[in-house]
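[1] Here is my input; please provide its structure:
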Amino acid sequence: MSNNFVHTTRLLAAETIAAGSSSTTSAIDLRNIAQQGYFSIQLLVTGDGTAKVEYQCSNNNSVFIEPESAVDIITGFTKTSGPGSDGKGFYSFSPETCGWLKIKVSETGTTQAIVVTLDIAIQ
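    Got it, this is the predicted structure:
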C-alpha cells in the first residue's frame, strides 16, 4: 500500500570533511519509504573548501555503487553558494530504483576542509 508521507532524517550533523576526503552516510532502507520516488536534500556548508554531493545505490545492502546513469546532486558548493550566498542549499534529485541508498559528500578543492550538515526528505 502506498502512502504520501514524507520521511526526513539528518544524515550528517556538522561533520568535518578534510581536504580531498569524503564522508558516506549510513544506508537508508528505501523499501517502505520511497513510495513516490521523490528525494531532496538540504545542506549547510561552512569552512573554506568545496563540496560535491552524490548518491550510491544497492539492491543487497552490502555493495553500494554509483549508478552509471547517476548525476551528481550538486558540485562546486561552498560557504558562499546557495540562493542566499550563505552556504545553504536545497536540491531535489532522482536516483535509480533501488532498495538502499547512501549519500556521499566529498571535499573537492583539495586544500581546505568543509563542515557539512545534511538532511534528506524522501516520499
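[2] Show me where this protein dips below the pLDDT cut-off.
    Counting by pLDDT under 70, the chain contains low-confidence ranges at 1-3.
[3] residue closest to the middle of it?
    With distances taken as CA atoms, centre = their mean, Ile103 lies nearest the centre of the chain, 4.0 Å away.
[4] Now for it: which residues touch it?
    The neighbours of Ile103, taking CB atoms under 8 Å, 6 or more residues apart in numbering as the test, are Leu11, Leu12, Thr24, Thr25, Ile41, Val53, Glu54, Tyr55, Gln56, Ile73, Leu118, Ile120. (Each C-beta comes from the backbone N, C-alpha and C, glycine too.)
[5] Enumerate the positions of the longest strand belonging to the chain that are buried.
    Longest strand in the chain, counting residues (DSSP state E): strand 7-17. Using 16 or more other CB atoms under 10 Å as the test for burial, strand 7-17 gives Leu11, Leu12, Ile17.
[6] beta partners for the last one?
    Taking DSSP bridges, one finds Ile114 as the beta-bridge partners of Ile17.
[7] right, and it touches Val105 too?
    Yes: using CB atoms under 8 Å as the test, Ile17 is close enough to Val105 to be in contact (6.1 Å).
[8] what do the two both touch?
    Common neighbours of Ile17 and Val105 (criterion: CB under 8 Å, 6+ apart): Ser23, Ala51, Ile114, Val116.
[9] In strands only, show me these.
    Ser23, Ala51, Ile114, Val116.
[10] Which single one of those is nearest to Asn61?
    Ser23 (19.1 Å; CB to CB).
[11] Identify the residue nearest Gly82 in space, chain neighbours excluded?
    Gly89 (4.2 Å; CB to CB, 6 or more residues apart in numbering).
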